[in-house]
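Colleague: the sequence isn't on hand, but the structure is:
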Ligand code: PEP
Ligand code: MG
């Protein structure tokens with residue numbers, strides 16, 4: 001095995017395709033160097049070293065030491081400096097770099113190689129004692145906190161004292177002598193805290209930093225981050241060691257972080273922040289205010305890089321074009337300018353909001369940088385969700401109490417919480433929370449995940465809160481400096497008001513505004529780039545996308561999102577309406593068929609009305625209506641009042657009713673008297689529903705001239721006989737209604753496949769039905785023997801322990817449930833080659849499950865209205 005790969009100075013052993021081995025940072029440094037961009041020379045220790053290190057009881061491969069020494073010698077030769085040399089010391093940076101960027105791991109140690117001796121060499125080489133001693137103290141500070149684990153406050157205290165002693169306010173006012181004293185103070189403090197002197201040997205420093213990078217792979221924050229983002233521990237991290245360049249050697253030096261396009265909106269503008277005379281971490285640390293890149297984005301009082309350093313800026317603009325042409329994607333870059341010379345320190349595909357991802361994909365396809373198919377693949381279907389979420393109603397009355405940076409778009413409303421733990425706890429109880437922090441750190445990730453929105457009072461567009469919120473799709477207002485947060489008092493002050501924990505606030509992540517109370521929201525706009533991408537997706541998609549909808553509102557939303565029909569109308573949802581529930585209870589509590597029919601006659605007009613509305617909205621599109629499914633148990637009256645009401649509607653006494661309710665009550669209702677078992681024991685229920693459907697269909701046909709195609713679906717079928725019996729009921733009613741209304745229309749009768757027996761005997765069942773729709777909610781429940789209603793209590797534990805990779809109710813279990821779906825599809829089609837197949841369980845809106853549905857050859861997926869665009873895009877990606 002080769003453990004170390006060099007880059008820069010004309011010798012690039014890696015490239016972008018070796019991301020798994022070299023990590024994202026290392027692979028791209030090699031790639032940038034190989035396309036001629038200015039990259040300081042360095043080397044990457046591979047991710048395989050990390051894996052080997054953990055596999056072998058935290059020991060490095062034997063050859064590593066030699067390979068590192070050789071690679072270091074190559075840097076020395078290229079730069080002309082030597083590691084640990086008194087006169088011309090080589091300084092390096094050490095950075096972690098996994099396959100995907102992972103906040104939570106050790107990030108960076110700069111200026112490594114400095115000690116009491118080499119600092120003198122840096123003084124001589126730079127001719128700037130202040131710069132040299134400042135660099136040394138920065139090194140001790142970074143190394144001390146990230147490698148030796150010294151609390152960073154301990155360093156800050158020493159600087160504060162130094163500033164007080166010197167009578168100055170800003171770090172920049174401290175002199176070389178002051179920094180010299182700070183260094184002495186740091187060394188004493190580190191020795192006291194760690195019990196050992198600060199390492200002076202550059203080799204010991206280097207190996208200490210390398211060890212810290214590998215150690216950080218298993219720290220709690222990294223482990224949490226991997227869990228949330230589904231990153232396997234086996235990937236490991238690489239370590240990048242690179243010759244230092246200095247952005248803090250004077251006014252002709254700078255450092256910056258930027259994006260080749262705006263990561264919030266996707267706009268094609270060079271976007272980011274830089275600081276003159278500063279070193280990497282200063283830009284994100286928030287001590288000095290970073291300045292904008294382009295003059296077009298500079299506000300009064302700001303000095304853009306374009307204006308301040310025109311030559312370096314022009315060079316960077318050229319690099320930007322080269323990178324986008326080369327990578328065919330928006331890049332997130334880090335650079336340093338040392339004495340007017342530009343160096344590239346990092347490039348990677350930039351994280352972006354869903355809105356930006358959409359705009360960039362569509363724009364790049366139009367610019368010819370990528371093709372339409374590539375554009376379709378670029379957008380994460382799950383992220384589309386963010387675009388489909390509400391924004392604040394512009395007409396709503398509101399007064400902002402504060403304004404920060406529009407760090408991550410979307411609007412959010414919830415109760416104020418001040419800690420990540422509190423956010424998680426209250427969200428677990430179903431509350432909407434807004435996490436309010438002075439700033440966030442990787443320790444807060446779980447709370448940010450749980451929150452509906454994030455508010456910080458400090459930090460810029462590249463602050464931790466902003467970057468993480470954008471990645472998670474949480475609305476975020478960052479750096480709202482006029483707000484003061486008081487953790488101890490559990491309150492914040494904004495615009496002269498005190499808002500306490502538990503009070504409601506609203507954030508607008510698109511404008512950066514913060515409002516007290518609740519501001520009404522409106523539905524998103526689905527035109528422009530969104531419509532374009534959907535059009536492209538629709539061209540390549542094979543499966544149809546329908547919606548699960550029963551109300552006119554849901555059906556309208558579904559249509560607006562592009563649903564091609566209804567795949568599941570759960571008629572029982574129409575039964576719970578307060579106007580109807582009385583009649584429903586009267587029906588199930590009746591002891592005779594006559595009693596039931598009387599109650600059903602009351603329900604008929606309601607149902608018919610519902611169906612007319614759905615047919616009108618879905619004009620010309622298929623509408624699958626499922627006959628009554630849930631256990632009667634769910635409709636039982638509770639308490640004296642409800643029982644008395646039903647008793648009086650049936651003309652019996654409450655005692656009799658109480659007895660009847662006890663009779664109907666079930667121990668295990670989900671496996672009890674439900675689904676087609678109801679239709680078979682009480683055929684009058686399905687008769688009424690079939691009548692309502694057919695009358696509504698004929699009425700709609702007569703009214704609009706376009707006949708709907710009802711697809712009537714029988715739930716919870718286990719045997720062919722059940723489908724035959726219920727189908728006969730439907731067919732009989734159809735003939736009756738057609739004769740009465742003198743109108744014939746085409747309809748279909750099919751079944752849900754949601755029991756293992758139905759899947760296994762699908763060839764028999766298919767003979768009796770026109771279509772199958774996989775009810776993978778119940779199928780998952782019955783295949784796993786896992787109660788849909790009770791599994792929540794322990795599923796999370798299973799997922800945390802890795803027993804289940806994902807919640808099987810969210811993403812289909814391909815191995816088990818999927819195998820039954822595949823068997824049912826094959827057996828069904830073996831007797832009816834054109835049998836229509838769809839899915840209507842929750843999985844119909846999950847991109848991974850949709851991929852599976854494509855592989856089985858289903859004709860359509862059906863999902864909740866808001867997920868329809870997600871499904872359209874996922875179905876397109878699955879077809880590619
Ligand atoms: C299913 O079981 O997957 C299904 C769609 O039906 P329900 O969720 O109504 O049981
Ligand atoms: Mg079901």
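Modeller: Structure received. Because the structure is predicted, anything quoted here is derived from the model rather than measured. Ligands and ions are numbered 1, 2, ... in the order given.

Colleague: ranges for the helices of the stretch 451-600 of the chain?
Modeller: Ranges of helices within the stretch 451-600 of the chain are 464-472, 528-540, 552-560, 578-589, 593-617, based on DSSP state H, counting those that start in this stretch.

Colleague: now these in JSON lines, please, with extra columns for mean pLDDT and distance to ligand 2.
Modeller: Quick note: C-beta positions are derived from backbone N, CA and C, even for glycine. Formatted as JSON lines, the helices of the stretch 451-600 of the chain follow (pLDDT from 0 to 100; distance: least, C-beta to the ion, whole Å):
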{"stretch": "helix 464-472", "mean pLDDT": "77", "distance to ligand 2": "31"}
{"stretch": "helix 528-540", "mean pLDDT": "95", "distance to ligand 2": "29"}
{"stretch": "helix 552-560", "mean pLDDT": "89", "distance to ligand 2": "18"}
{"stretch": "helix 578-589", "mean pLDDT": "87", "distance to ligand 2": "19"}
{"stretch": "helix 593-617", "mean pLDDT": "95", "distance to ligand 2": "20"}
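
Colleague: among those helices, which is the most enclosed?
Modeller: Mean neighbours per residue, mean count of other C-beta atoms under 10 Å, is largest over the helices of the stretch 451-600 of the chain for helix 464-472, with a mean of 24.

Colleague: hang on, the earlier thing: the helices of the stretch 451-600 of the chain: which one's closest to residue 120?
Modeller: Across the helices of the stretch 451-600 of the chain, residue 120 has its closest neighbour in helix 464-472 (36.5 Å, C-beta to C-beta).

Colleague: about what we covered before: and of the helices of the stretch 451-600 of the chain, who's closest to ligand 1?
Modeller: helix 552-560 (14.3 Å; C-beta to the nearest ligand atom).

Colleague: which phi and psi does residue 373 have?
Modeller: Backbone torsions of residue 373, given as degrees, to the nearest 10, read phi -60, psi -40.

Colleague: mind checking pLDDT for the residue of the stretch 1-150 of the chain found nearest ligand 2?
Modeller: Going by C-beta to the ion, ligand 2 is nearest to residue 100 of the stretch 1-150 of the chain, at 37.2 Å. We have a pLDDT of 89 for residue 100.

Colleague: ok, residue 728 - contacts?
Modeller: The contact partners of residue 728, taken as C-beta atoms under 8 Å, 6 or more residues apart in numbering, number zero.

Colleague: for it, helix, strand, or coil?
Modeller: Under the three-state scheme (DSSP: H, G, I helix; E, B strand; the rest coil), residue 728 adopts helix.

Colleague: got a markdown table for the helices of the stretch 451-600 of the chain, with distance to ligand 1 too?
Modeller: Shown next, in a markdown table, are these (distance: least, C-beta to the nearest ligand atom, whole Å):
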| stretch | distance to ligand 1 |
| --- | --- |
| helix 464-472 | 28 |
| helix 528-540 | 24 |
| helix 552-560 | 14 |
| helix 578-589 | 17 |
| helix 593-617 | 17 |
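
Colleague: as JSON lines, the ones you listed with distance to residue 649 would be great.
Modeller: As requested, the helices of the stretch 451-600 of the chain are exported to JSON lines (distance: least, C-beta to C-beta, whole Å):
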{"stretch": "helix 464-472", "distance to residue 649": "51"}
{"stretch": "helix 528-540", "distance to residue 649": "49"}
{"stretch": "helix 552-560", "distance to residue 649": "28"}
{"stretch": "helix 578-589", "distance to residue 649": "5"}
{"stretch": "helix 593-617", "distance to residue 649": "8"}
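
Colleague: looking at those, spot the one closest to residue 43.
Modeller: Among those, the nearest to residue 43 by C-beta to C-beta is helix 464-472 (27.4 Å).

Colleague: helices or strands next to the closest one in the packing?
Modeller: With contacts defined as 3 or more C-beta pairs under 8 Å, 6 or more residues apart in numbering; DSSP states H and E, helix 464-472 has these neighbours: strand 405-408, helix 445-450, strand 453-456, strand 476-478.

Colleague: what sits up against that helix?
Modeller: Helix 464-472 is contacted from outside by 103, 263-264, 284, 351-353, 405, 407-408, 437, 439-442, 445, 448-449, 454, 456, 459-460, 475-476, 478, 509, using C-beta under 8 Å, 6+ apart.

Colleague: what comes up buried for stretch 483-500?
Modeller: Residues 483, 485, 491-494, 499 are the ones in stretch 483-500 that count as buried (16 or more other C-beta atoms under 10 Å).

Colleague: just the closest of the residues you listed to residue 14, please.
Modeller: Residue 14 lies nearest to residue 485 out of those, by C-beta to C-beta, at 44.6 Å.

Colleague: pLDDT score assigned to the closest one?
Modeller: Looking at residue 485, the pLDDT reads 95.

Colleague: name whatever forms a beta bridge with the residue lying closest to it once chain neighbours are set aside.
Modeller: In space, and not counting its chain neighbours, residue 485 is closest to residue 492: 4.8 Å by C-beta to C-beta, 6 or more residues apart in numbering. Counting by DSSP bridges, residue 492 forms beta bridges with residue 485, residue 499.
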